[in-house]
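In: just the structure for this:
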Amino acid sequence: MRARIRAVSWLTGILATLVLSACGATSSNTSSSSQEPASEQAAKAPAVVKGGTLRLAAVDPGAAIDPVTVASGAGVGIAGAVAENLTFINDKGQPEGVLATEWKPSEDGKTWTFTLRSGVQFQDGRPLTAADVVASYKRIIGPDSVSPGKSAFVGILKSVSASDDHTVEFKLERPFSDFPVLTAATNTYILPEDYELGTWEKHPVGTGPFKLETYNKGQSAEFVANPTYWGKDDIYLAALKINFYKDAQARVLALQSGEVDSLLGEPVEASLTAALSKDEYSVQSVPNAGFTAFALRTDEAPFDDVKVRQAVAWALDREGIVQTVLGGDGSIGNDTIYAPVYPLKPQGLEQRAQDLDRVKTLLGGKTVKFTITSSPADETLATVIQQQLNEIEGFDVDIKVLPSAEYYADGNDAPWLNATATLTYWASRPSPSQYNGFLYSKASDWNASKYSNPKLEQLSAEYDAATDDATKQTLIDQIAKIQWDEVPVIVTTYGKSRTFSSKQVHDIPQVPGATRYQGLWVG
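Out: Numbers count the residues shown, from 1 in each chain. As a prediction, the model looks like this:
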């Protein structure tokens, strides 16, 4: 399972961590019509009520809660209410300060200097210092680290040190202009310098807006507002409670019964939420960068032939996949790792759609036979792809669904990295460079397609070092064109995070996936 944790360590990370907070510009927590003048909407808006308790439904995290190692949605929800990161990602995909107020790179781009916010205290009364930040990052990137967050910094972060009590220097292996967004990652919570791994449940500490009062394993976690929180003026809730349930269906039933106010953590299948009327519940939905990589082994038949890979890509009905697999709540993918949520996206690239004439030409009369291997999490997508391809002359496709422990087994022979065609979910990453490094690099242990292209790796390195958007855009266009042409990885869809809340929950921060309770209130 270790490989799986690394591969999807952002499953509960920057753009898909807390479905509660993952609400986009399309969401609304009021019943006011968007056709009304702003003044009339403001007049109808309910008055803010301070002092309420927000009750959330989450799947039981099971494993022990520790901010350094937590991976489950509920676990992240618990840790993220108490502890904080240096930054968070705003609704434009840009980093904003939390415990850091400013950051700047050195002239060569290999050192980033962060200035910490003054007057911040841990909940045990100790002041936040640079030494705490240094120790927190060393726990993540150290050679013995077991933190899922480590994967965000592999090949990027070399060391971290304190210049003074309020200044931290991050030295990089190479220039990486997107480094500030990595400091918003799950598991990069800042904890005291002397924190001991595995002790957090007994002594929960952080700098965040809530204090963990009681934690009943398998039942609930209860929090109260932190009276010494540096940003307490923007926290309207007096308390927070997370109830644990055995599965997604139980969570939905808890919302319907009024036992909780909102869903939290892992997504809920559309079939389970079909009965939740928009008249009774607020629906938040926001794009994220997550996608399932349909990786094709480029070093062996039949996918050592680029025309065969292209034929598969042109054969797929992507809109059908969005509707069938994602319940309509997603966007069409275009065989690049640049999801719509990223600030910069490829320009001038033709959107792939099913084109049977192209498929016929590319196959040239031959039949392509192969097996799609997946875990149970992607079985529905595997089945839909199989059905779509087998309806087209020239394809003979089978599927093999392995238990997750077998699919993501440790070692060099793991099926998710070695089968001819695989489906593996890669959750949201704050920087597209991480996908390039993991999925397309010759040196990557997670390159399931075994694809190698020196030109692509050179362009990716140039992108990482670029500091202006114009240069980055030019490089993205070139990188995406290679991914689209060579298609070692098919990306059929990009995901969205969605949740349902009671109409009593107001003003959920419109931030994609960050743990933000600022301004949120319950009436």
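
In: where along the stretch 301-450 of the chain do the strands fall?
Out: With DSSP state E, counting those that start in this stretch, the ranges of strands along the stretch 301-450 of the chain come out as 331-332, 368-374, 395-401, 421-426.

In: could I get these as CSV with mean neighbour count and distance to residue 239?
Out: From N, CA and C alone the C-beta is placed, and that goes for glycine too. Below are the strands of the stretch 301-450 of the chain laid out as CSV (neighbours: other C-beta atoms under 10 Å; distance: least, C-beta to C-beta, whole Å):
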stretch, mean neighbour count, distance to residue 239
strand 331-332, 16, 37
strand 368-374, 20, 42
strand 395-401, 16, 43
strand 421-426, 24, 34
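
In: nearest to residue 477, of those?
Out: Residue 477 lies closest to strand 331-332 among the strands of the stretch 301-450 of the chain, at 19.0 Å (C-beta to C-beta).

In: average pLDDT across that closest one?
Out: For strand 331-332, mean pLDDT rounds to 94.

In: and it, how far from the chain's centre?
Out: On the basis of C-alpha atoms, centre = their mean, to the nearest Å, strand 331-332 sits 17 Å off its chain's mean C-alpha point.

In: residue 193: neighbour count?
Out: 15 (other C-beta atoms under 10 Å).

In: so it sits in a strand?
Out: No. Counting by DSSP: H, G, I helix; E, B strand; the rest coil, residue 193 is not found in a strand; it is coil.

In: isn't it right next to residue 128, touching?
Out: No. In this structure, residue 193 is not within contact of residue 128 by C-beta atoms under 8 Å, at 10.1 Å.

In: let me see the mean pLDDT of stretch 130-146.
Out: 96.

In: list the buried residues in it.
Out: 130, 132, 133, 134, 135, 136, 137, 139, 140, 141, 145 (16 or more other C-beta atoms under 10 Å).

In: is the fourth one in a helix, a strand, or coil?
Out: Which is residue 134. helix.

In: I figured it hits residue 161, correct?
Out: Yes. Under the criterion of C-beta under 8 Å, residue 134 makes contact with residue 161 at 6.2 Å.

In: any common contacting residues for these two?
Out: Taking C-beta atoms under 8 Å, 6 or more residues apart in numbering as the criterion, residue 134 and residue 161 both touch residue 168.

In: any weak-confidence spans in the stretch 1-150 of the chain?
Out: For the stretch 1-150 of the chain, the stretches flagged by pLDDT under 70 are 1-44.

In: that one: strands as residue ranges?
Out: 53-59, 87-89, 95-97, 100-105, 111-116.

In: the first one pairs with which strands?
Out: Strands that pair with strand 53-59, judged by DSSP bridges, come out as strand 239-245 (parallel), strand 262-263 (parallel).

In: give me whichever of the ones you listed is most buried.
Out: strand 262-263 (a mean of 28; mean count of other C-beta atoms under 10 Å).

In: how many residues are close by residue 376?
Out: Around residue 376 there are 12 residues (other C-beta under 10 Å).

In: got it, and residue 151?
Out: Residue 151, neighbours per other C-beta under 10 Å, totals 22.

In: check residue 54 too.
Out: 27.

In: doesn't residue 60 make contact with residue 75?
Out: No. If you go by C-beta under 8 Å, residue 75 and residue 60 don't touch, sitting 9.9 Å apart.

In: on that earlier part again, can you tell me which of the strands paired with strand 53-59 the model trusts least?
Out: Note on the strands paired with strand 53-59: lowest mean pLDDT is at strand 262-263, with a mean of 87.

In: how about the helices in the stretch 1-150 of the chain?
Out: 2-7, 38-44, 73-82, 130-141 (DSSP state H, counting those that start in this stretch).

In: now the helices: where do they sit in the stretch 301-450 of the chain?
Out: Counting by DSSP H, counting those that start in this stretch, the helices of the stretch 301-450 of the chain are 306-315, 318-325, 356-363, 379-390, 404-407, 415-418, 432-439.

In: okay, the ones you listed in JSON lines with mean neighbour count, mean pLDDT and distance to residue 508 next?
Out: Output for those, formatted as JSON lines (neighbours: other C-beta atoms under 10 Å; pLDDT from 0 to 100; distance: least, C-beta to C-beta, whole Å):
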{"stretch": "helix 306-315", "mean neighbour count": "22", "mean pLDDT": "98", "distance to residue 508": "37"}
{"stretch": "helix 318-325", "mean neighbour count": "18", "mean pLDDT": "94", "distance to residue 508": "25"}
{"stretch": "helix 356-363", "mean neighbour count": "16", "mean pLDDT": "98", "distance to residue 508": "44"}
{"stretch": "helix 379-390", "mean neighbour count": "18", "mean pLDDT": "97", "distance to residue 508": "29"}
{"stretch": "helix 404-407", "mean neighbour count": "16", "mean pLDDT": "90", "distance to residue 508": "32"}
{"stretch": "helix 415-418", "mean neighbour count": "20", "mean pLDDT": "96", "distance to residue 508": "35"}
{"stretch": "helix 432-439", "mean neighbour count": "23", "mean pLDDT": "91", "distance to residue 508": "27"}
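
In: what phi and what psi does the backbone show at the most centrally placed residue in the chain?
Out: Geometric centre of the chain, nearest residue: residue 428, 2.8 Å, by C-alpha atoms, centre = their mean. For residue 428, the backbone dihedrals (degrees, to the nearest 10) come out as phi -60, psi 130.

In: my guess is it meets residue 288, correct?
Out: Yes. In this structure, residue 428 is within contact of residue 288 by C-beta under 8 Å, at 4.4 Å.

In: just to revisit the earlier point, right, and the strands of the stretch 1-150 of the chain - which one's nearest residue 226?
Out: Residue 226 lies closest to strand 53-59 among the strands of the stretch 1-150 of the chain, at 14.7 Å (C-beta to C-beta).

In: quick one, that closest one and helix 73-82 angle?
Out: Relative orientation of strand 53-59 and helix 73-82, computed by axes from the mean of the first three to the mean of the last three C-alpha atoms, to 10 degrees: 150 degrees.

In: mind listing what's buried along strand 53-59?
Out: 54, 55, 56, 57, 58, 59.

In: leaving out sequence neighbours, find the closest residue to the fifth one.
Out: Looking back up the chat, that one is residue 58. Spatial nearest neighbour of residue 58, excluding adjacent residues (C-beta to C-beta, 6 or more residues apart in numbering): residue 74 at 3.6 Å.

In: go on, the second one?
Out: With C-beta to C-beta, 6+ apart as the criterion, residue 55 has its nearest non-adjacent residue at 4.4 Å, and that residue is residue 260.

In: what is the burial count for that neighbour?
Out: 24.

In: next: residue 365.
Out: 8.

In: what do you get for the one 10 residues further on?
Out: Using other C-beta under 10 Å as the criterion, residue 375 is surrounded by 22 other residues.

In: show me the contacts for it.
Out: 401, 402, 403, 404, 407, 408, 416, 423, 424.

In: quick one: the fifth one and residue 449, what's the gap?
Out: When you say that, I think you mean residue 407. 16 Å (C-beta to C-beta, to the nearest Å).

In: right, and the residue nearest to residue 58 touches residue 246 too?
Out: No. At 11.9 Å, residue 74 and residue 246 do not qualify as touching, with contact defined as C-beta under 8 Å.

In: neighbour count for the two, which is higher?
Out: residue 74 (27 against 10).

In: related to what we said a few turns ago, can you tell me which of the strands of the stretch 301-450 of the chain is nearest to residue 311?
Out: strand 368-374 (7.1 Å).
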